[in-house]
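Asker: next come a sequence and a model predicted from it.
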Amino acid sequence: MKLGKVIGNVVCTQKVESFQDMKLLLVQPLNEKLEKNGDPVVACDTVQAGINDIVYYEGGREAALGLKNWFNPSDLTIMGIVDQVNIGE
Amino acid sequence: MILGKVIGNVVSTMKLPVYRGYKILIVQPVNNKEKPQGEIILALDTVQAGVGDTVLVIDEGNSSRLIMNNSTAPVRTMIVGIVDAIK
């Protein structure tokens, strides 16, 4: 899993059938200091995240398993919303 | 499996139901000399690891699902051991 911050949403009318009713969010990957790390990515949302939420997301086959309909082409899915990040003791 | 060092943890209330009851730790991958290498990852903890521990991390879905005893869990990264020594 990776940390990211939701920076926007993606509206998309024409999409594959298994993505119907799916919220797509634009996520900026973060490092451990919550600074930007790399380019933004688009992820499917399962936890009703909103703009400015810090989230964690999973890629690969597990991204598809996170959605209700397993037979879908998702390769990034948001798995949870972060309340707090603690670094060090 | 990779070696990593636990550098922190993440508190999260809103999450997928299969993640309930698992601690989420922030892991910095390390090389064989325990020097940081690469980007941080978040991993579910199954061995009660803590900050500062060197740990063994799996980053593969089927193994994680086997450990959770749930064949459909959307989980890939897991801490499966605490390293005592690298010789």
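Answerer: Looks like it arrived, so ask away. Numbering: from 1, shown residues only, chains lettered A, B, ... in the order given.
Asker: from here on, contacts and neighbour counts on C-alpha atoms
Answerer: Will do.
Asker: so where do the strands sit in chain A?
Answerer: All strands of chain A, identified by DSSP state E, fall at A:2-10, A:23-29, A:41-45, A:54-59, A:76-81, A:84-87.
Asker: of those strands, flag the one that's most buried.
Answerer: Of all those, strand A:76-81 has the most neighbours on average by mean count of other Cα atoms under 10 Å in any protein chain shown, namely a mean of 26.
Asker: please name every helix or strand in contact with it.
Answerer: For strand A:76-81, the packing partners by 3 or more Cα pairs under 8 Å, 6 or more residues apart in numbering or on different chains; DSSP states H and E come out as strand A:41-45, strand A:54-59, helix A:61-65.
Asker: again, only using 10 Å
Answerer: On a contact count with 3 or more Cα pairs under 10 Å, 6 or more residues apart in numbering or on different chains; DSSP states H and E, strand A:76-81 meets strand A:2-10, strand A:23-29, strand A:41-45, strand A:54-59, helix A:61-65, strand B:2-11.
Asker: the third one vs chain B: in contact?
Answerer: Right, strand A:41-45. No: applying Cα under 10 Å from any Cα of the partner chain, one finds strand A:41-45 separated from chain B by no less than 10.7 Å.
Asker: and for the fifth one?
Answerer: Yes: under the criterion of Cα under 10 Å from any Cα, helix A:61-65 makes contact with chain B via A:61-65.
Asker: contacts for that helix, please.
Answerer: Under the criterion Cα atoms under 10 Å, 6 or more residues apart in numbering or on different chains, residues A:43-44, A:57-58, A:70-79, B:60-62, B:72-76 lie in contact with helix A:61-65.
Asker: now find how far off-centre it is within its chain.
Answerer: Computed by Cα atoms, centre = their mean, to the nearest Å, the chain-centroid distance of helix A:61-65 equals 12 Å.
Asker: what does the longest one give?
Answerer: Shown here is strand B:2-11, whose average C-alpha point lies 7 Å from the average C-alpha point of the whole chain (Cα atoms, centre = their mean).
Asker: can you tell me the helix or strand for the closest residue to residue B:3 other than its chain neighbours?
Answerer: In space, and not counting its chain neighbours, residue B:3 is closest to residue B:56: 5.0 Å by Cα to Cα, 6 or more residues apart in numbering or on different chains. Using DSSP states H and E, residue B:56 falls within strand B:54-59.
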